[in-house]
Every structure is written in structure tokens, then in C-alpha cells.
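Asker: Okay, here's the prediction I keep looking at, along with the sequence it came from:
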Amino acid sequence: MTEAPNGARTIHPGLKLGLELGPLAVFFLGTSFFDFFIATAAFMASLFLSMAVSFVLTRHLPIMSIVSAVIVTVFGGLTLYLHDETFFRIKPTIIYLLFGSVLLGGLLFGKPLLSAVLGTAMSLTEEGWKILSLRWSLFFFVLAALNEVVRLFFPEYWIKFKVFGATLLTVAFAMAQTPLMLRHEIKSEDSEQTSDN
């Protein structure tokens, strides 16, 4: 574990991935062996546990994680209280629309907000951050639309889409941005001197 530039600690990528995907795995197993409402409660509990472990290890919680947790609490709570799956199924749509709108709104005001989220992990030019923010905002809107299509017209496949489909699409999209990030990467003086030698 090392110190990040903003004072937060970084953890092993494998552990970070496990903490992020763990709640989804719990939800999928919950729906496989129990009912939707038990799975929802288990998902909420595992999400908060994952965030707690992440905070203990890094002394930091990303703002996107906090926002997601608030929305999960509201819509998951409504699902359990009213015993209606609709609220939990529409939750991803709300999250995707919110993230997409925030990123797009930042661009309209000349501030690529993605740099505030990922700025400690990579260093890009201003143009690079703008393009990346625009692409991610549009991607979030596409995910929101896909979630609604599956939720409304293919409800029997929604759980698989949430756990596997959306996750794989996000990973694939993130990997597809690598050429853009390499093209607009700002290299440190140390790396430039190393490459010159």
C-alpha cells in the first residue's frame, strides 16, 4: 500500500476490483438462491461493508461511491419497504443519468470533472480530459437507456444484464479509451529523462 498524491493510500488493483465487484457477486448469488428482496438487502449490506473496508485501507472514499451509496440506500430502502422490485431495478438508470449529466454539465461550464475523479491516477492534457469526460458522459447515457430497455422489455434478463452485461460493457469501454489516454498523457520529467537515457 502506497500514498497517493492527495494523501489517500492506494491498494492492490486486484483487491480494489474485488471490493467493487463483491456486492454485485453477492446480489447475483442472492437472486440465485433466495428471492429478489433478500438479494437486495444483502447487496446493500455488502456495499456498505465494501466501502468501510475501502475507507479503512485507503482513508478515502471517491465521491462517485458516496453518491452511489446514497442512491442505493434510497432506492434499495424503497424496494424493501414497499416490497416492489421496480425501485431497485430503476436505480442503475438514475445513477447512470446522474453521472452522465454531471460530466456533461461540467464540460458545458468548461470544467472536465473527470480529472477531479481520476486526476491522481493519470495525468492528461486539458483536451484529453475534455474528450474523455464527453465519451464517459455519453457512455453513461447509453447504459441508462440499455438498463431501461432491458428492465421494461426483457425483465427476465435484467439481473444478468446488471451483474454481467453492464460490468463487461464498462470494462470494454474503459479499455477502449487507452489509445486516447496514451495520446494525451502528460509524462513526468523523470519518465522523460529515463526514456532519453
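Answerer: It's in.
Asker: so what does the longest helix seen in the chain touch, helix or strand wise?
Answerer: In the chain, with assignment by DSSP state H, the single longest helix is helix 126-153. Applying 3 or more CB pairs under 8 Å, 6 or more residues apart in numbering; DSSP states H and E, one finds that helix 126-153 contacts helix 85-108, helix 114-118, helix 166-176, helix 178-183. Every residue, glycine included, has its C-beta placed from N, CA and C.
Asker: let's see it at 10 Å
Answerer: In terms of contacts (3 or more CB pairs under 10 Å, 6 or more residues apart in numbering; DSSP states H and E), helix 126-153 is packed against helix 85-108, helix 114-118, helix 158-160, helix 166-176, helix 178-183.
Asker: could you dump those helices to CSV with mean pLDDT and mean neighbour count?
Answerer: What follows is the helices and strands packed on helix 126-153, written out as CSV (pLDDT from 0 to 100; neighbours: other CB atoms under 10 Å):
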stretch, mean pLDDT, mean neighbour count
helix 85-108, 96, 18
helix 114-118, 78, 18
helix 158-160, 96, 18
helix 166-176, 96, 13
helix 178-183, 94, 12
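Asker: Can I get the ones you listed in a markdown table including distance to A39?
Answerer: Below are the helices and strands packed on helix 126-153 laid out as a markdown table (distance: least, CB to CB, whole Å):
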| stretch | distance to A39 |
| --- | --- |
| helix 85-108 | 9 |
| helix 114-118 | 29 |
| helix 158-160 | 8 |
| helix 166-176 | 16 |
| helix 178-183 | 34 |
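Asker: closest to L57 out of those helices?
Answerer: Evaluated over the helices and strands packed on helix 126-153, closeness to L57 peaks at helix 114-118, with 18.6 Å, by CB to CB.
Asker: In CSV, list the C-alpha atoms belonging to that closest one.
Answerer: Extracted C-alpha coordinates of helix 114-118, given in CSV (Å, rounded to 0.1, in the frame of the first residue of the first chain):
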residue,chain,number,x,y,z
LEU,A,114,-13.4,13.5,-14.7
SER,A,115,-10.0,15.0,-13.9
ALA,A,116,-11.1,15.5,-10.3
VAL,A,117,-12.0,11.9,-10.0
LEU,A,118,-9.1,10.3,-11.9
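Asker: heads up, I number from 10, so please use that
Answerer: All right, first residue 10 from here; so that's helix 123-127.
Asker: contact partners of it?
Answerer: 71-73, 108, 111-112, 115-116, 131-133, 135, 137-146, 190 (CB atoms under 10 Å, 6 or more residues apart in numbering).
Asker: Give me the PyMOL select line for these, limited to the buried ones.
Answerer: The PyMOL command for the buried members of those (criterion: 16 or more other CB atoms under 10 Å) is given here:
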select buried, resi 108+111+112+115+116+132+133+137+138+139+140+141+142+144+145+146+190
